[in-house]
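# Any chance you could fold what I've pasted below:
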Amino acid sequence: MAELTQIAELLNQTLSPDANAVRAATDALDRLSLTSHFPFYLLSISTRGEDQGQKAAAATYLKNLTRRNIDSSSGSTISGVSKEFKEQLMQALLQAEFNVLKILVEVFRSIAVAEFVKQNSWPELVPYLQSAVQNSNLINGSISSCSTINALVVLHALLRPFQYFLNPKVAKEPVPPQLELIAKEILVPLLSIFHQFVEKALANHERAEIETEKALLTVCKCLHFAVKAYMPSTLVPLLPSFCRDLIAILGSLRFDCPVAEEDKLPFLSERVLSLGFDVISNVLETGPGWRLVSPHFTTLLDSAIFPALVMNEKDMSEWEEDADEYIRKNLPSDIDEISGWRDDLFTVRKSAINLLGVISMSKGPPVESASDALSASAKRKKGQKNKKGNQRRSMGELLVLPFLSKFPVPSNSNVSQKQILNDYFGVLMAYGGLQDFLREQEPGYVTALLRTRILPLYAIAVSVPYLVASANWVLGELGSCLPEEMSADVYSQLLMALIMPDKQDVSCYPVRISSAGAITTLLDNEYMPPDFLPLVQVIIGNIGNDESENSILLQLLSSVMEAGDEELAVHIPHIVSSLVGPVSKWLTPNPEPWPQWAAGQATIGRGFAALLQQAWLTPLYTLDQQDQHSPPSSCIEDFSTLLKSVILSVNGNDMIEELKVSELLSVWAEMIAEWHAWEESEDLSIFDVVKEVVTLDSRYRLKNFIVKDMPSPPAPPVPERSIIEGIGTFISEAIKQYPSATLRACSCVHILLHCPIYSLETEGVKQSLAISFSRAAFSRFREVKGNPVSLWKPLLLAIASCYLCYPDIVEGILEKDEEGGLTIWASSLCHISNSSFEAGLTAESEMKLTVMTLAQLIEQLLRKGKSGVDLIQNCFTLLLEVSVRLKEVRDGKGDEQEDEEDENDDDDNEDEASDDDDSEDYDEDSDDEEYEETEEEFLDRYAKAAEALENGSIIEEGDDEDQEVEMELGSLAEVDEQNIVLSLIDKYRHILIEGHGLPSNVIMNFLNAFPGFSSYFQQYR
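This is a model prediction of the structure:
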């Protein structure tokens, strides 16, 4: 009992605002956690603690402790959790308060996944949970101490792992027996109870009870996870009644009554209705599900789906009071974080639109014309199919569009009728969900829809901003199927919406934002405007007018510039100079006057440099020396892009001083040295800047590049990190922590070691870089060495560059990190050097570096008296082989240049004749239908991909173009590697050649390529 009291007191201390007290209490709890009774005490406190804070602290510590223990025993067959603890955990789960339950259920899920899902053990679990559900308070009477909601939450946690395939390597994975057991013993009886809950909820016309709502929602989620990946056999016969209950729930939708502030929806909660739509969508995508639901399509559309789309009073109040929330829910796009539907955002409208899209793509019954019917008998006698007469038209054509067409388009004559406007809002929402259906229609079909049902709204835009915002969104959603001839009309209307001013009593902010989102979506779908310049001028003209819209417009400008590319390149100086003024208003004011800029790249460089100085240097200058610190590393991608442009604009030392390039680079190097957001993609432009910085230093000798000056007093005389040292820290961390950046990071290793000019005074910096790089690369290689994946080559070659610089030091690092580390690296380097290795050496620079490294390695091994090992002979054999391949690559380059000149002459003569043939081929190809992958092929392909991923042969490695990075060897490029090989053979031929059986084919290929070496290989002649 004393120990229980002690643990409770320590948990209270973890809630203290005193960091030292929290640390001491945590350390004490960690020591107590080693005792066998500790988890039981935590469980007891989590349900019987003195207050909510203590209960939550106990549950949280138990959750973390359970995860640690299970993770540490992941290699064994059991989780190590005792039967007694599992029994007490189940009791606590069924009685815990909801806030504590949410934490404890994570404890349960960790144990259930380890024992029940993965090992199919814990035989008592399903019977216990079945009994708990049947005897809970909402089912067996309110006197029961077991909460129905708690039992359903536990069931939901148990089913969550089954929403995905447990063994994705199997193309046709059967339903797991654990899921079949849960369905048979718990879900089947639960569906009859679900039906009773629905009837009870429908009978209450005012509002369902909160407990009943929660039960309905949780049962829907349980069924969703149960059928998402698999279909338990015992559930199939019950799907019709379940779907009828869901449709009944959806039919209860009412948007026409007043909504209290605390109520999201009248009657049933929005989340239940949303999930009801989602479940029907999932069921509808199966054959049996379609047969069950399709008879109810008309009822669903008229009574449930469309009422969820129609505009209501809540939408209008949200438009005025929280426009960003309105946009996020109703006008989603990728242009800004305020837009777009998140996976955890439950909205009835989102789910209804999704269901409508699924219905529109489903096929109706075969359609047969009168003439087809007359000849049907004769055709059947001949065993022929009535291919044309029995075509199955989609429900989008048969049901959805005819239903939507009965709602009139708002115009000047009916714009005052509120119901017409509200209904047409729902029509626009529906059109936005039909992009898959419309993509399969003829271009003329979509053109007619745009001209008659969407674009006319812009003629009365001032009167219906709500509808125009939705029309903008629809145009963006239909970007993949809009006809090219509509481009001018579409963009002219979107431009008008982009600059729509606020009305006296109505904000048009959502109109402008939805227009920007639509244009971005259209550009992403390669739907281009006839002229980019007017669009750019409108965007720039509005940047700075409203601070809340500036980020959206800048993102839109970025998309336009990327899409416009060459067409807009000539306007970039004017665009940059126009932006500097508005953008500078958001930064700390710079006391220095703006310079007068010339045209071209220098204008861009000066403009961006001024912005970076305000963002980075002005804050530093306004602080005391002792209080200086680096700016936050937010927006590092954009900052690096601007900095690269500044570097590229430099044309002399005067400009370096003028633009404060060294000072900017010092701040940037500190920022990237502290960069740790390796889950993001915001570091891609950093690698480009690294290369440009090294190039700039080689031309102008940048201040503080290799060694930074001592800080001025009163700061302590401790040397600060130089630019290259900050870059080196970033590269080392990227190699260790960021697989998709490994290739780019390793390419920077060669640049940083071999391109700068190091003096005797700065040699220590180069040495520290080599140590850091080799340690990071070998550490990462040890993690992936089990499988010869694409990461091998960049990692091994990065170590090779370090080894060439400091062989003894790097050898010591390799041996310290792992016994026999040098042999492991050398053998692996030989492995990738072999021509049979798929992801091996391809570039000339890779082969040159490998030849020099193998020669250096062999000499080091021989010098240390290790001549008897097989490693030396293996290295020497590969040295000869790679030397031959390197010569072939160089010889091939000369031949390719000659061939290209000849081909260019031939191409000029053939271009005109081939144009006609190409157009004919295109016409023929365009008639072919796009191949659609079957379900079996899809599952088989993903099963193979899952197996390859597990074996390590697939790894995220950035874009394909990154795989062709040519290494920059700097000073090594001037080294004659043939002389190195000749010197090695001349010095050690009696060890390397005489008395050793080298592969004869390797020797012959080497002598054919280098006949001058024949005197050393007389025994092979």
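# by contact count, what packs against whichever strand or helix holds D688?
According to DSSP states H and E, D688 maps onto helix 684-700. Judged by 3 or more CB pairs under 8 Å, 6 or more residues apart in numbering; DSSP states H and E, the packing partners of helix 684-700 are helix 636-649, helix 661-673, helix 723-737, helix 742-754. Where you see a C-beta, it was placed from the backbone N, CA and C, and this is true even at glycine.
# Which elements pack onto the helix or strand hosting V227?
Remark: V227 resides in helix 210-228, with elements defined by DSSP H and E. Where contact means 3+ CB pairs under 8 Å, 6+ apart, helix 210-228 is packed against helix 137-140, helix 148-159, helix 188-203, helix 239-251, helix 270-284.
# angle of that helix against helix 148-159?
Here helix 210-228 points in a direction 20 degrees away from that of helix 148-159 (axes from the mean of the first three to the mean of the last three CA atoms, to 10 degrees).
# So what touches helix 210-228?
Helix 210-228 is contacted by residues 138, 148-149, 152-153, 155-156, 159-160, 162-164, 179, 182-183, 187, 190-191, 194, 197-198, 200-201, 208, 232, 235, 242, 246, 249, 268-269, 271-272, 275-276, 278-279, 282-283 when judged by CB atoms under 8 Å, 6 or more residues apart in numbering.
# again, only using 7 Å
138, 148-149, 152-153, 155-156, 159-160, 162-163, 179, 183, 187, 190, 194, 197-198, 200-201, 232, 235, 242, 268-269, 271-272, 275-276, 278-279, 282 (CB atoms under 7 Å, 6 or more residues apart in numbering).
# And those, which of them are buried?
Buried by 16 or more other CB atoms under 10 Å: 138, 148-149, 152-153, 155-156, 159-160, 162, 179, 183, 187, 190, 194, 197-198, 201, 232, 235, 242, 268-269, 271-272, 275-276, 278-279, 282, out of the contacts of helix 210-228.
# Can you say which of the helices and strands packed on helix 684-700 is nearest to T299?
helix 636-649 (50.4 Å; CB to CB).
# Name the residues of that closest one that are buried.
Buried, per 16+ other CB under 10 Å, within helix 636-649: I636, F639, S640, T641, L642, L643, K644, S645, V646, I647, S649.
# Over to stretch 934-948?
L939, A943, A946.
# Just put those residues in JSON lines and tack on pLDDT, secondary structure and distance to V981.
Below are those laid out as JSON lines (pLDDT from 0 to 100; DSSP: H, G, I helix; E, B strand; the rest coil; distance: CB to CB, whole Å):
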{"residue": "L939", "pLDDT": "75", "secondary structure": "helix", "distance to V981": "53"}
{"residue": "A943", "pLDDT": "77", "secondary structure": "helix", "distance to V981": "48"}
{"residue": "A946", "pLDDT": "71", "secondary structure": "helix", "distance to V981": "45"}
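# Relative to S772, which of the helices and strands packed on helix 684-700 is closest?
Closest among the helices and strands packed on helix 684-700, using CB to CB: helix 723-737, at 4.6 Å.
# what residues does stretch 825-842 touch?
Here stretch 825-842 has contacts from 778, 785, 788, 790, 792-793, 796, 799-800, 814, 847, 850, 853, 857, 871, 874-875, 878, 881-882, 885, using CB under 7 Å, 6+ apart.
# again, only using 8 Å
778, 781, 785, 788-790, 792-793, 796, 799-800, 814, 847, 850, 853-854, 857, 871, 874-875, 878, 881-882, 885.
# low-confidence ranges in the stretch 1-150 of the chain?
Scanning the stretch 1-150 of the chain for pLDDT under 70 picks out 1, 71-80, 142.
# By mean pLDDT, flag the weakest helix or strand of this protein.
None of the helices or strands of the chain scores lower by mean pLDDT, DSSP states H and E than helix 370-381, at a mean of 38.
# quick one, helices of the stretch 751-900 of the chain?
Secondary structure of the stretch 751-900 of the chain (DSSP state H, counting those that start in this stretch): helices at 763-784, 792-805, 807-817, 821-833, 844-863, 870-927.
# closest to E313 out of those?
Across these, the minimum distance to E313, taken as CB to CB, is reached by helix 870-927, at 49.5 Å.
# Give me the mean pLDDT for that closest one.
Averaged over helix 870-927, pLDDT sits at 65.
# Then stretch 423-438?
90.
# Then stretch 282-301?
82.
# And for that stretch, what's in contact with it?
Under CB under 8 Å, 6+ apart, the answer for stretch 282-301 is 224, 227-228, 231, 236, 239-240, 243, 247, 250-251, 280, 355-356, 358-359, 362, 395, 399-400, 403.
# Quick check: buried residues in stretch 416-423?
Counting neighbours by 16+ other CB under 10 Å, the buried set in stretch 416-423 is I420, L421, N422, D423.
# Which of those fall within helices?
I420, L421, N422, D423 (DSSP state H).
# Reformat those as TSV; add distance to I809.
TSV is the format used below for these (distance: CB to CB, whole Å):
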residue	distance to I809
I420	80
L421	76
N422	75
D423	77
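# Nearest to Y326 among these?
Nearest to Y326 among those, with distances taken as CB to CB, is N422, at 15.1 Å.
# Before we move on, what's the pLDDT of the closest residue to that closest one other than its chain neighbours?
Nearest non-adjacent residue to N422, counting by CB to CB, 6 or more residues apart in numbering: M311, 4.4 Å away. Turning to M311, the model gives it a pLDDT of 91.
# Can you name the helix or strand that M311 falls in?
Using DSSP H and E, M311 falls outside every helix and strand.
# For the helix holding D688, list the C-alpha coordinates in PDB.
Below are the C-alpha coordinates for helix 684-700, written out as PDB (Å, rounded to 0.1, in the frame of the first residue of the first chain):
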ATOM      1  CA  LEU A 684      15.400  19.900 -51.500                       C
ATOM      2  CA  SER A 685      16.700  23.300 -52.500                       C
ATOM      3  CA  ILE A 686      19.400  23.300 -49.800                       C
ATOM      4  CA  PHE A 687      21.400  20.800 -51.700                       C
ATOM      5  CA  ASP A 688      21.300  23.100 -54.800                       C
ATOM      6  CA  VAL A 689      22.600  26.000 -52.700                       C
ATOM      7  CA  VAL A 690      25.500  23.900 -51.400                       C
ATOM      8  CA  LYS A 691      26.800  23.300 -54.900                       C
ATOM      9  CA  GLU A 692      26.400  26.900 -55.800                       C
ATOM     10  CA  VAL A 693      28.100  28.100 -52.600                       C
ATOM     11  CA  VAL A 694      31.200  26.000 -53.200                       C
ATOM     12  CA  THR A 695      31.400  27.200 -56.800                       C
ATOM     13  CA  LEU A 696      31.100  30.800 -55.700                       C
ATOM     14  CA  ASP A 697      33.900  30.300 -53.100                       C
ATOM     15  CA  SER A 698      36.200  28.700 -55.700                       C
ATOM     16  CA  ARG A 699      35.800  31.900 -57.800                       C
ATOM     17  CA  TYR A 700      35.800  34.700 -55.200                       C
END
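# Thank you kindly, that will do.
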